[in-house]
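**Student:** Model the structure of this input:
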Amino acid sequence: MRLPLPTLEIFDAIAREGSFKGAAKRLGLQPSTVSHQLKTLEEQLGTALFIRTTRAISLTEAGRALQRGAAPAFDQLSDAVDSARSVGHAPRGSLRLAMTDFVFAMHVGAALPSFRESYPEIEIEMAFTDALTDLLGEELHAGFRLGDRIAPDMVAVRLTRSEPLAVLASPAYLERHGTPQTPADLLEHDCVRYRFSTSGRIAPWTFTEDNTDYTVDVSGKIIANTLPSVVDLAKAGHGLIYTFRDFCAKNIKSGELVSVLAPYIGQTPGTYIYFPREYRNMVPLRLFVDHLKSVISAG
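**Tutor:** So this is what the prediction gives:
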């Protein structure tokens, strides 16, 4: 049996207001409609719910039993509707984001302290992944990727113009094994490679020469699936790495890592944040995107 929710709502309003006229005003209905709907409910239940007199109405035993169960339920429904109305339209609630460790280290991590200070009621959950995530399927609000090639039902917002790449090694490694002068020289070197944890693919080492992009199939004895570990392995002298230059900016500046083959290395597309069209008016997400863009541009 389907619950007669419209007539139950009318019953609840009559019980709370103590009159047909009050219930009609509460619900924006005509008193005659309220009376008719109550009669329909009583017929469905096979019992009277109110005792009617010329001066007032009062609940029958059956009416009191129904009110004890219905009133809390309608209070919960009302709270749920209010919550649904406010979620996404106020600077509070949860924000679930998918990102790589590079995006966190270079962009999100720097913006997080000031964002939390400005919007302390927004909870942020971060899922670290290198995959182009199914946001709706995994109940995430937004993700990050290089470039704006996304599904048609998604929105992509540019955060950076480009993400420069670099081949790096420690001074000790270069002193022992020599410095490669061309990308082809990498075939004679130990290269620490990065494996995408989701797809299992090895990240390609791509170079540019005479306006042509090509890949060198490097080799080495070490493979890792996080950028911090790849960088630490290079600093320890285990081989050359191919990664985001800005991710290693401090290591380059300190001399822990040295950039090689710079004339042959291009740039990736910029970093974008992408999200389903349904979330484009979600206030916590909009505030986060605006804040992130302002922090990145200021940096």
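**Student:** State the pLDDT value of the residue positioned nearest the centre of the chain.
**Tutor:** The residue at the geometric middle of the chain, judged as the C-alpha nearest the mean C-alpha position with CA atoms, centre = their mean, is Leu97 (2.7 Å). In this prediction, Leu97 carries a pLDDT score of 96.
**Student:** now the helix or strand hosting it, how far from the centre of its chain.
**Tutor:** Using DSSP states H and E, Leu97 sits within strand 93-99. If you compare the mean C-alpha spot of strand 93-99 with that of the full chain, they lie 3 Å apart, counting by CA atoms, centre = their mean, to the nearest Å.
**Student:** Can you list the strands that it pairs with?
**Tutor:** Paired neighbours of strand 93-99 in the sheet (DSSP bridges): strand 122-128 (parallel), strand 142-146 (parallel).
**Student:** what does it contact?
**Tutor:** The contact list for strand 93-99 (CB atoms under 8 Å, 6 or more residues apart in numbering) reads 86-87, 108, 121-129, 131, 133, 135, 138-144, 284-285, 288. Just so you know, the C-beta spots here come from the backbone N, C-alpha and C atoms, and that holds for glycine as well.
**Student:** Please apply the same query to stretch 193-202.
**Tutor:** Around stretch 193-202, the neighbours that count as contacts under CB under 8 Å, 6+ apart are 129-131, 203, 218, 220, 222-227, 230, 241-243.
**Student:** what comes up buried for the helix or strand hosting Thr7?
**Tutor:** If you go by DSSP H and E, Thr7 is part of helix 5-17. Within helix 5-17, the residues that count as buried by 16 or more other CB atoms under 10 Å are Thr7, Leu8, Glu9, Ile10, Phe11, Asp12, Ala13, Ile14, Ala15, Glu17.
**Student:** Isn't Ala111 up against Val295?
**Tutor:** Yes - under the criterion of CB atoms under 8 Å, Ala111 makes contact with Val295 at 4.0 Å.
**Student:** What is the helix or strand hosting Lys21 packed up against?
**Tutor:** Using DSSP H and E, Lys21 falls within helix 20-27. Under the contact criterion of 3 or more CB pairs under 8 Å, 6 or more residues apart in numbering; DSSP states H and E, the helices and strands touching helix 20-27 comprise helix 5-17, helix 31-45.
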